[in-house]
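>>> starting from these lines, generate the structure:
(chains A and B)
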Amino acid sequence: MPNIRSPELQGAAIVAIGAFNPAIFQPHWFALNQLIRREEADSAEVRIVSREASIFSTDWFELKVIDRRFAIDTKDPTMFRVLRDLAIQTFRILEHTPVDAFGFNTERHFRMDTDEEWNAFGDYYVPKQTWNALLTRPGMRSLVIEGSRPECNENRMQIKLEPSLEIHPGIAFYVNQHYGLDAKNTGVPDRLHRFVTALCESWDNFLEYSDRVSQHLLTECATRAE
Amino acid sequence: MPASLLVGETLDAPRFVSVGEAASPQSNQKPFDEPDCILPALDRYDGDANDSQVTRRVSETTNGQSRPAHKISPLIRLRGARPCRYRQFCLLQSWEGTVTSKQGDTFLARLVDLHVRTNPIEIAEIPIDEIPVPDRCLLALGTVFYWSIGYETKPGGQLTRASEIRVRRSPVWSHRDIDEMKARAKELEAWLGYDVHGDNEESPAPAQ
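Residues are numbered from 1 along each chain as shown, chains lettered A, B, ... in the order given. I've put the predicted structure just below:
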């Protein structure tokens, strides 16, 4: 039985689509509202804060609010739950923000032992026989599968496999859990409430699911190869 | 284009090829992250026809006498355009803790295993020195924190065992949250059948 692998690199992100005021989202607003440490605000790297866009990063997360898109992400696996808390507290303060959709995202990068093992993974999920008639040396660049989870009330799940751009030979797994909110029939407070509730109740489960996705896909391939 | 990119050399994104095929130099290359080089690199090509142009160029510079090209590494390498923000942390264990009491320079906490939820709750006595200085003012009964233990690999390859605590920032309740809690309290009042404010004559007698 193949051993459970640990990801070498990980990231998580929370994305919301709606009507935001990017100028609000600056480091010291977060510090003043006790959402991050004052030291983190002081040392934040601010790329831009304006009416149209706000982008800054601290030592553990990056925030991007551009037009109708809000995104916070972290590449520190010890901070996944802290990221969730930050999003919850931010939108508890901004309780009148219209949110039309939101999504949870993870990425996990695993290092394979050999190039052969790396190639075998791609060959398992995208067999090359069909493509050999059309291309010379076909290779899987990206594989996206969409569906839903019976135990979750999200609208759509998406799993993406790719060769990792961060480590080689490596495989990257991207999992997206998307929620659409009925902006026509649901008021702003209810939609925001659904967003915050999902963060409180579903984020942990989503992280566990993302772990299962990568372990299952790696194990399936390795088991067949044995 | 970086100065080191030579004719005939391409930068492809990595892609899986079929099992049994040797990975080409291109498929092993990392995506564009080429450092800027002060001096151009001259590559060695052993009989690769695609690189005849490079081989000729080297030959021309040596008075027409063909001789094998030698790879000369640049003297100075600058950082790539995209700094890596990933933290290489192998998480061995993590808990969500709740402060139950403070005593002197330590505190007691109730720990919930975040990896195996079915594990029993544990109690730990933790020195306050373990809490980051900016978070110590937040430490009180009921404060929630996250405790992570694992190995961190620094960019230079050094492996460090790390134990980190991060205090959760105090929740800010929205008006809606407060209204919902009040409504829920009223439901519970009705279900329990007595008025917690003492107006109802049927309130249970206090325990003796």
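>>> list the strands paired with the longest strand along chain B, with their directions.
Criterion DSSP state E: the longest strand present in chain B is strand B:88-103. Partners of strand B:88-103 in the sheet, by DSSP bridges, are strand B:106-113 (antiparallel), strand B:144-153 (antiparallel).
>>> what's the first one in contact with?
By CB atoms under 8 Å, 6 or more residues apart in numbering or on different chains, the residues outside strand B:106-113 that reach it are B:93, B:95-102, B:119, B:121-128, B:139, B:145, B:147. All C-beta spots, glycine's among them, are computed from the backbone N, C-alpha and C.
>>> ok, the longest one next?
Residues from elsewhere that reach strand B:144-153 (CB under 8 Å, 6+ apart): A:78, A:81-82, B:87-99, B:109, B:111, B:114, B:131, B:135, B:159-168.
>>> in it, what counts as buried?
Buried residues in strand B:144-153, counted by 16 or more other CB atoms under 10 Å in any protein chain shown: B:Val144, B:Phe145, B:Tyr146, B:Trp147, B:Ser148, B:Gly150, B:Glu152.
>>> so how many other residues sit close to B:Val133?
By other CB atoms under 10 Å in any protein chain shown, 9 other residues sit near B:Val133.
>>> tell me the confidence at it?
We have a pLDDT of 95 for B:Val133.
>>> and the gap between the nearest residue to A:Tyr174 once chain neighbours are set aside and A:Pro189?
Spatial nearest neighbour of A:Tyr174, excluding adjacent residues (CB to CB, 6 or more residues apart in numbering or on different chains): A:Lys160 at 4.1 Å. Per CB to CB, to the nearest Å, A:Lys160 is found 33 Å from A:Pro189.
>>> same question for A:Gln177.
Distance from A:Gln177 to A:Pro189, by CB to CB: 23 Å.
>>> looking at these two, which one has more neighbours?
Legend: neighbour count by other CB under 10 Å for A:Gln177 and A:Pro189, higher for A:Gln177 (24 against 15).
>>> tell me the contacts of the more buried one?
A:Gly103, A:Phe104, A:Asn105, A:Arg149, A:Cys152, A:Glu154, A:Arg156, A:Met157, A:Ser202, A:Phe206, A:Tyr209.
>>> buried subset of these?
By 16+ other CB under 10 Å, these give A:Gly103, A:Phe104, A:Asn105, A:Glu154, A:Met157, A:Ser202, A:Phe206, A:Tyr209 as buried.
>>> out of these, which are close to chain B?
Near chain B, judged by CB under 8 Å from any CB of the partner chain, there are no entries from these.
>>> how distant is the helix of greatest length in chain A from the center of its chain?
When chain A is parsed with DSSP state H, its longest helix is helix A:188-225. Relative to the centre of its chain, helix A:188-225 is centred 10 Å away, using CA atoms, centre = their mean, to the nearest Å.
>>> in it, what counts as buried?
A:188, A:191-196, A:198-199, A:202-204, A:206-207, A:209-211, A:213-215, A:217-218, A:221-222.
>>> any regions of chain A where pLDDT drops low?
A:1-4, A:225-226 (pLDDT under 70).
>>> all helices of it, in order?
A:27-32, A:38-42, A:80-93, A:115-125, A:129-132, A:188-225.
>>> ok, which of these comes nearest A:Ala12?
Among the helices of chain A, helix A:80-93 comes nearest to A:Ala12, with 4.7 Å by CB to CB.
>>> quick one: that closest one to strand B:88-103, angle?
70 degrees (axes from the mean of the first three to the mean of the last three CA atoms, to 10 degrees).
>>> before we move on, back to that, between the strands paired with strand B:88-103, which one is nearest to A:Asp73?
Across the strands paired with strand B:88-103, closest to A:Asp73 is strand B:144-153 (CB to CB), at 17.7 Å.
>>> mind listing what's buried along the first helix or strand past the closest one going along the chain?
Counting by DSSP states H and E, the element after strand B:144-153 in chain order, helix or strand, is strand B:159-167. Using 16+ other CB under 10 Å as the test for burial, strand B:159-167 gives B:Glu164, B:Ile165, B:Arg166, B:Val167.
>>> return only those of those found close to chain A.
Okay, of the buried residues of strand B:159-167 touching chain A (CB under 8 Å from any CB), that's B:Glu164, B:Arg166.
>>> export the buried residues of strand B:159-167 to CSV and tack on pLDDT?
Output for the buried residues of strand B:159-167, formatted as CSV (pLDDT from 0 to 100):
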residue, pLDDT
B:Glu164, 96
B:Ile165, 97
B:Arg166, 97
B:Val167, 96
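>>> next, the angle helix A:80-93 makes with the strand or helix carrying B:Met181.
Secondary structure from DSSP H and E places B:Met181 in helix B:175-192. Computed with the same axes, to 10 degrees, the direction of helix B:175-192 lies at 90 degrees from that of helix A:80-93.
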